[in-house]
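*Asks:* sequence-free structure coming up:
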């Protein structure tokens with residue numbers, strides 16, 4: 001892939017000249033892309049036409065995707081979508097049978113048995129590799145082990161593990177049995193783990209003795225033990241646990257009445273499972289928890305058919321993963337991106353590269369070492385991680401540059417700021433590797449918006465609707481803010497919505513269907529409200545401006561917090577920033593900025609620079625009321641800054657569920673603001 005300087009947009013969009021496009025795939029990259037080959041097979045000339053048809057004709061599109069990608073169904077479907085109960089409860093491929101584990105493992109164990117399926121690297125540098133044939137055999141053995149421990153079709157199995165091989169194998173083995181995978185973030189403390197155990201009521205808990213972060217052993221087993229005790233106190237017993245021997249420097253106790261070491265239980269397996277059980281397409285396979293601004297976490301239910309097909313499609317069409325490619329994403333199995341990268345890579349015959357460690361330890365060059373060592377093809381990062389690596393300095397980048405194997409970066413989780421985006425694209429990627437920016441959510445089970453390689457690349461922006469996703473931008477009265485040609489006014493923000501059902505959406509909130517409807521489908525009739533502010537420019541490129549409950553309304557003008565944050569981090573010396581709105585008697589709301597500064601920064605000068613940058617960008621009416629410098633900001637493990645928690649601490653109100661925070665102590669650093 002090469003970058004073409006200038007303002008031309010790819011001919012695959014009809015040859016229109018678009019100002020601001022800084023990268024296009026060359027002819028060879030376009031020709032080999034999954035999207036281009038699909039278009040050729042369907043007789044479609046332009047990417048714009050493909051997007052339109054995929055949205056207007058979803059039955060045709062999803063049927064064609066299954067056929068083109070060769071996704072195996074155990075029993076063929078004849079009904080692509082059943083909308084009898086309305087968009088919120090649409091089912092997909094519902095008269096067919098499909099098993100996620102079969103799609104990700106068995107088909108490739110036959111077609112390419114010696115191809116590498118999984119590479120795992122620990123923080124200490126030790127690596128482990130499984131081919132597809134080895135992965136199939138391992139998953140069959142582990143599935144038999146789980147069945148011997150009492151796991152049956154429909155059982156929930158909680159997996160509280162670091163990002164190790166056993167975490168992925170557990171997911172695939174649970175799916176193989178027709179049970180439900182309940183991943184729990186490896187950085188959670190006992191109360192957060194217990195909350196999920198109480199809600200999911202698992203028949204089995206998988207955990208580990210421990211793992212390492214920044215060279216320090218974390219005794220995971222002790223946290224799991226306390227969580228089990230707290231769950232029991234709440235009336236929910238976890239009958240069995242298996243413990244992976246992962247951090248060998250630790251000595252942890254085992255309760256032989258209800259616990260076994262993983263390797264001991266596995267050694268007792270004499271008859272591995274012979275392939276995946278038959279599972280109807282609407283059989284639940286994943287219970288993915290996400291936090292709400294208030295109340296207990298929401299358990300999004302995903303099913304074998306819709307989730308597998310949608311994520312396989314995204315891996316192929318959005319990140320262009322093909323057999324032989326290698327995907328590494330800095331994430332955790334406890335977030336939706338853990339299952340996403342598992343299915344997105346393996347369902348397409350690509351290699352999943354797992355890195356179980358801090359990406360900037362022992363120094364900020366570690367991530368690039370992993371990319372080089374394992375010949376990564378697509379690297380997934382978050383904007384916050386990139387900001388931190390940029391602040392550490394260019395001296396940590398590889399002297400000889402990144403390996404030729406790396407074709408693209410990918411990102412999700414939060415809006416980009418211009419400075420770190422350009423650093424990654426230009427300084428790290430050499431202007432030859434696109435940043436495939438995608439945006440979706442746990443409950444959506446999919447990306448709603450995405451860059452596609454055939455579109456060309458515009459800094460910071462999202463390319464537009466991902467295939468098959470009928471996204472729109474609504475005003476408060478429920479009218480669309482888009483023009484008939486899909487373009488809009490970049491200065492006009494509205495609610496990001498989806499106006500048609502799609503296969504990957506959650507089949508509801510676990511044990512709470514009313515909460516599902518109230519949260520996503522109650523504002524506009526038969527329309528999914530995602531909770532993000534969005535805008536679309538005059539050329540059809542999309543931008544997100546933060547959660548709609550984060551957005552500031554200053555003197556009657558809505559501005560996303562990311563825009564203020566972009567102005568702040570553009571100042572030399574600001575590593576990261578969070579903008580919140582606080583009540584004001586005159587303007588209704590004013591902006592307050594919390595910034596993390598580089599250690600050598602002059603805070604007085606930096607305060608002036610940040611205020612000036614905001615005024616230059618937006619005018620004096622939007623000058624920050626306060627600029628606070630703090631040592632850290634509250635973030636999730638995927639490095640998403642949690643603004644609602646910052647605002648709650650600043651105003652002294654209830655911050656809601658904080659269980660997803662990687663660094664909850666940072667909340668004590670947030671200065672109180674008098675409203």
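*Replies:* Perfect, I can see it now. This structure is a prediction, so every number in the text was calculated from the model and none was measured.
*Asks:* count the neighbours of residue 403 for me.
*Replies:* For residue 403, the neighbour count with other CB atoms under 10 Å is 15. All C-beta spots, glycine's among them, are computed from the backbone N, C-alpha and C.
*Asks:* thought it was touching residue 372?
*Replies:* Yes - between residue 403 and residue 372 there is a contact at 5.0 Å, judged by CB atoms under 8 Å.
*Asks:* how about stretch 343-360: buried residues?
*Replies:* 343-357, 359-360 (16 or more other CB atoms under 10 Å).
*Asks:* in strands, which of those residues appear?
*Replies:* 351-356 (DSSP state E).
*Asks:* all strands of the stretch 251-400 of the chain, in order?
*Replies:* Here the stretch 251-400 of the chain has its strands, by DSSP state E, counting those that start in this stretch, at 259-261, 284-290, 298-303, 326-329, 351-356, 378-381.
*Asks:* columns mean pLDDT and distance to residue 176 on top of the ones you listed, output as TSV?
*Replies:* Shown next, in TSV, are these (pLDDT from 0 to 100; distance: least, CB to CB, whole Å):
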stretch	mean pLDDT	distance to residue 176
strand 259-261	96	20
strand 284-290	94	10
strand 298-303	95	15
strand 326-329	98	22
strand 351-356	97	17
strand 378-381	97	26
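*Asks:* identify whichever of those strands lies nearest to residue 184.
*Replies:* Taking CB to CB, strand 284-290 is the member of those nearest to residue 184, at 7.5 Å.
*Asks:* pull the residues that contact that closest one.
*Replies:* Contacts to strand 284-290, defined as CB atoms under 8 Å, 6 or more residues apart in numbering, come from residues 100, 154, 156, 174-175, 180-184, 196, 199-200, 279, 297-304, 307-308, 334, 336, 339, 441-443, 445, 507, 510.
*Asks:* lowest-confidence helix or strand of the chain?
*Replies:* In the chain, no helix or strand scores lower on mean pLDDT, DSSP states H and E than strand 557-559, which sits at a mean of 63.
*Asks:* residues contacting residue 328?
*Replies:* Counting by CB under 8 Å, 6+ apart, residue 328 touches 352-355, 370-371, 374, 376, 378-380.
*Asks:* try 7 Å this time
*Replies:* 353, 355, 370-371, 374, 376, 379-380 (CB atoms under 7 Å, 6 or more residues apart in numbering).
*Asks:* report the two of the residues you listed separated the most.
*Replies:* Once CB to CB is applied, the contacts of residue 328 give 374 and 380 as the farthest pair, at 13.7 Å.
*Asks:* between the two, which one's more packed in?
*Replies:* Using other CB under 10 Å as the criterion, residue 374 and residue 380 rank with residue 380 on top: 25 against 22.
*Asks:* which pLDDT value belongs to the most centrally placed residue in the chain?
*Replies:* Centroid-nearest residue in the chain, with CA atoms, centre = their mean: residue 337, separated by 3.6 Å. With respect to pLDDT, residue 337 scores 93.
*Asks:* and the chain, what are its domain boundaries?
*Replies:* 71-358, 550-669 (automatic domain parsing).
*Asks:* I'd like those written out as JSON lines, with distance to residue 459 added.
*Replies:* Shown next, in JSON lines, are the domains of the chain (distance: least, CB to CB, whole Å):
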{"stretch": "domain 71-358", "distance to residue 459": "19"}
{"stretch": "domain 550-669", "distance to residue 459": "11"}
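*Asks:* need the winner for burial among the ones you listed.
*Replies:* Among the domains of the chain, domain 71-358 has the highest mean neighbour count (mean count of other CB atoms under 10 Å), at a mean of 21.
*Asks:* in the stretch 1-150 of the chain, which spans are helices?
*Replies:* 27-32, 34-42, 47-56, 58-69, 100-101, 107-111, 132-148 (DSSP state H, counting those that start in this stretch).
*Asks:* next, the buried residues of the second one.
*Replies:* So the one you mean is helix 34-42. 34-36, 38-39.
*Asks:* cool, and the first one?
*Replies:* Under the neighbour-count criterion of 16+ other CB under 10 Å, helix 27-32 has 29-30 buried.
*Asks:* quick one: mean pLDDT for that helix?
*Replies:* Taken as a whole, helix 27-32 carries a mean pLDDT of 92.
*Asks:* ok so, going back, so which of the contacts of strand 284-290 are in helices?
*Replies:* 100, 174-175, 196, 199-200, 304, 307-308, 339 (DSSP state H).
*Asks:* would you map the helices across the stretch 551-675 of the chain?
*Replies:* 561-569, 603-618, 643-651.
*Asks:* got any ranges where the stretch 251-400 of the chain has weak pLDDT?
*Replies:* In the predicted model, the stretch 251-400 of the chain carries pLDDT under 70 at residues 291-295.
*Asks:* er, the chain I mean
*Replies:* Across the chain (using pLDDT under 70), the flagged ranges come out as 1-17, 291-295, 549, 551, 553, 555-558, 586-587, 637-638, 675.
*Asks:* returning to that earlier point: CSV please, covering the strands of the stretch 251-400 of the chain and showing distance to residue 251.
*Replies:* Compiled in CSV, the strands of the stretch 251-400 of the chain are given as follows (distance: least, CB to CB, whole Å):
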stretch, distance to residue 251
strand 259-261, 13
strand 284-290, 31
strand 298-303, 34
strand 326-329, 32
strand 351-356, 21
strand 378-381, 35
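*Asks:* thinking again about what came up before, closest to residue 253 out of the ones in helices among the contacts of strand 284-290?
*Replies:* For the ones in helices among the contacts of strand 284-290, the nearest to residue 253 is residue 196 (23.2 Å; CB to CB).
*Asks:* and the closest residue to the residue nearest to the centre of the chain other than its chain neighbours, its phi and psi?
*Replies:* Nearest residue to residue 337, sequence neighbours excluded (CB to CB, 6 or more residues apart in numbering): residue 331, at 4.1 Å. Phi and psi for residue 331, reported as degrees, to the nearest 10, are phi -160, psi -160.
*Asks:* residue 331 touches residue 339, doesn't it?
*Replies:* No - with contact defined as CB atoms under 7 Å, residue 331 and residue 339 do not form a contacting pair (9.8 Å).
*Asks:* count of neighbours near residue 43?
*Replies:* 7.
*Asks:* in the sheet, who's paired with residue 355?
*Replies:* For residue 355, the beta-bridge partners are residue 121 (DSSP bridges).
*Asks:* quick one, what contacts it?
*Replies:* Residue 355 neighbours (CB under 7 Å, 6+ apart): 121, 328, 330, 370.
*Asks:* out of those residues, who's nearest residue 132?
*Replies:* When those are ranked by distance to residue 132 (CB to CB), residue 328 comes first, at 17.8 Å.
*Asks:* separation between the closest residue in space to that closest one that isn't next to it in sequence and residue 187?
*Replies:* Sequence neighbours aside, residue 353 is the residue nearest to residue 328 in space, at 3.8 Å (criterion: CB to CB, 6+ apart). In this view, residue 353 and residue 187 are 20 Å apart by CB to CB, to the nearest Å.
*Asks:* swap in residue 385?
*Replies:* Distance from residue 385 to residue 187, counting by CB to CB: 15 Å.
*Asks:* tell me if I am right that residue 409 is in a strand.
*Replies:* Yes - counting by DSSP: H, G, I helix; E, B strand; the rest coil, residue 409 is part of a strand.
*Asks:* what are the phi and psi values at the nearest residue to residue 194 once chain neighbours are set aside?
*Replies:* Leaving aside its chain neighbours, residue 194 sits nearest to residue 230 (3.7 Å; criterion: CB to CB, 6+ apart). With angles defined as degrees, to the nearest 10, residue 230 sits at phi -70, psi -40.
*Asks:* ok, now residue 426?
*Replies:* Torsion angles, degrees, to the nearest 10, at residue 426: phi -90, psi -50.
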